[in-house]
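> turn this into a structure:
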Amino acid sequence: MNEGPVDNLAGHRARHDTAEAGLRALEWVVRAGESEELVRLTGARVRRRRRQWFAGVGVVAALFAVAIGLVRSVPSTASSSQTVAMTSVVVVPARHLLVDGSVVDVKEGAQMEIHFSPEVRRIVLAAGEAHFQVAKDPLRPFVVSAGGVEVRAVGTEFSVVHETASVEVLVTEGRVAVAKARGPQAAGTDDPPLADDGVTSLGVLDAGSRLYIELVDVRVAKHVPVAASATEIRQRLAWRVPRLEFSGTPLAEVVEMFNRHGGNRLVIDPSIAGMQVSGALRADDVESLLIMVQNEFGIGSHVQGDGTVLLRRR
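Now for the predicted structure:
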């Protein structure tokens with residue numbers, strides 16, 4: 001016997017309510033991260049009961065729920081990444097604060113190990129370049145080992161470059177002693193502090209001097225340091241200065257970046273604070289910044305009585 005209109009309506013409502021309840025449950029499963037397991041189990045059931053119509057509906061509902069989950073999640077992530085515009089970036093070298101208070105800046109690609117003991121603070125620079133700001137501790141010398149060369153300091157600043165066939169030491173503050181280790185000390189790990197009978201002295205370097213050592217035969221250096229000018233030191237250690245990258249960034253924000261990361265003293269006229277500028281400069285390269293804003297916007301600079309540099313329209 002055929003169903004009447006009332007029976008048909010009741011049946012449709014029952015199926016509709018069941019479908020809605022099923023979709024809500026399936027959406028919860030998708031959010032919980034179990035959609036793949038649900039599809040797997042449902043697919044197995046379908047294979048066992050292919051001729052049952054409701055099993056087929058379950059598969060469609062499960063796939064539909066998965067599709068809903070993907071549609072809801074994927075575009076939201078993409079749109080959020082598109083709406084967040086990064087207008088400025090500060091690129092700085094890796095910096096390590098050691099337990100004794102010393103600071104080490106490591107150039108990209110350098111390989112370094114730290115070996116501290118009660119007797120000596122030792123850094124093994126296997127390759128690359130690093131700059132050291134050493135905390136004073138007369139009872140525990142600070143030693144950098146690089147290719148069998150030992151650089152010893154108490155409280156000072158210096159950089160060491162370890163290349164395949166050479167080591168170079170550049171002192172920027174204080175004084176360091178440079179020596180060639182003999183025997184097991186050249187390994188650089190778990191070795192005792194430097195001693196007079198364990199090394200061959202290559203000289204003492206004061207601030208503003210450097211020493212280049214060929215690892216094939218250390219004697220070619222002749223233990224004679226070479227004076228390094230302020231310009232040369234600045235160029236050799238340029239990698240330590242933060243690089244500022246900005247695109248469509250308000251001039252006021254760019255000036256703040258230069259002051260914070262370059263130690264500059266720039267001030268800006270409020271009327272030009274919103275001008276957008278783009279470029280990539282070192283944080284200490286104020287001259288290039290001033291030239292750029294002058295050429296692009298006609299903005300001049302004026303040194304004030306307190307030493308600050310004012311940026312304003314000409």
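
> count the residues that sit near the nearest residue to His115 once chain neighbours are set aside.
Using Cβ to Cβ, 6 or more residues apart in numbering and skipping the chain neighbours, the partner closest in space to His115 is Arg122 (4.4 Å). From N, CA and C alone the C-beta is placed, and that goes for glycine too. Residues lying near Arg122 (other Cβ atoms under 10 Å) number 25.

> in its sheet, which strands sit next to the strand or helix carrying Arg122, and in what direction?
Following DSSP states H and E, one finds Arg122 within strand 121-133. When pairs are called by DSSP bridges, strand 121-133 turns out to pair with strand 103-106 (antiparallel), strand 111-116 (antiparallel), strand 142-146 (parallel), strand 157-162 (antiparallel).

> pLDDT of whichever helix or strand comes after the last one, averaged?
From strand 157-162 onward toward the C-terminus, using DSSP H and E, the following helix or strand is strand 166-173. Averaging the model's pLDDT scores along strand 166-173 yields 94.

> between strand 166-173 and strand 157-162, how many degrees?
170 degrees (axes from the mean of the first three to the mean of the last three Cα atoms, to 10 degrees).

> and for whatever helix or strand comes next after strand 166-173, what's in contact with it?
The first helix or strand that comes after strand 166-173 along the chain, using DSSP H and E, is strand 175-181. In this structure, residues lying in contact with strand 175-181 by Cβ atoms under 8 Å, 6 or more residues apart in numbering are 145, 148-153, 156, 158, 169, 191, 194, 198-207, 211, 213, 218.

> relative to the following helix or strand past strand 175-181, what are the paired strands and their orientations?
Tracing the chain past strand 175-181, the next element assigned as helix or strand by DSSP H and E is strand 199-206. Strand 199-206 sits in its sheet next to strand 175-181 (antiparallel), going by DSSP bridges.

> can you pull the contacts of the residue lying closest to Val176 once chain neighbours are set aside?
Take Val176 and drop its neighbours on the chain: the residue closest to it by Cβ to Cβ, 6+ apart is Ala153, 4.5 Å away. Applying Cβ under 8 Å, 6+ apart to Ala153 gives the contacts 132, 134, 141-143, 174-177.

> tell me the helix or strand right after the lowest-mean-pLDDT helix or strand in the chain.
Counting by mean pLDDT, DSSP states H and E, the chain has its least confident helix or strand at helix 53-83, which shows a mean of 36. Remark: after helix 53-83, the chain's next helix or strand is strand 88-91, criterion DSSP H and E.

> how about that following strand: buried residues?
Ser88 (16 or more other Cβ atoms under 10 Å).

> what strands line up against the helix or strand following that strand, and which way round?
Going down the chain from strand 88-91, the next helix or strand is strand 94-97, by DSSP H and E. Paired neighbours of strand 94-97 in the sheet (DSSP bridges): strand 103-106 (antiparallel).

> buried sites along the strand it pairs with?
For strand 103-106, by 16+ other Cβ under 10 Å, it's 104-106.

> now swap in stretch 144-155 and tell me
Within stretch 144-155, the residues scored as buried using 16+ other Cβ under 10 Å are 144-154.

> same check, this time on stretch 242-252
Quick answer for stretch 242-252 (16+ other Cβ under 10 Å): 242-246, 249-252.

> one more: stretch 115-132?
For stretch 115-132, using 16+ other Cβ under 10 Å, the buried residues are 120-125, 128-132.

> one more: stretch 306-314?
Buried, per 16+ other Cβ under 10 Å, within stretch 306-314: 309, 311.

> touching that stretch from outside, list them.
So stretch 306-314 is contacted by 251, 255, 264-269, 271-272, 286, 290, 293, 298-304 (Cβ under 8 Å, 6+ apart).

> 7 Å instead, please
Outside stretch 306-314, the residues within contact range by Cβ atoms under 7 Å, 6 or more residues apart in numbering are 255, 265-269, 271-272, 293, 298-304.

> show me where this protein dips below the pLDDT cut-off.
Per-residue confidence for the chain (pLDDT under 70) gives these ranges: 1-86, 182-199, 217-223.

> nearest to Leu237 among the buried residues of strand 103-106?
Checking those against Leu237 by Cβ to Cβ gives Asp105 as the nearest, at 8.8 Å.

> isn't the closest one right next to Val241, touching?
No: look at Asp105 against Val241 with Cβ atoms under 7 Å: they stay out of range, at 10.2 Å.

> now His261: phi and psi?
phi -100, psi -10 (degrees, to the nearest 10).

> need the contact list for it.
Contacts of His261 (Cβ under 7 Å, 6+ apart): 90, 242, 244, 283.
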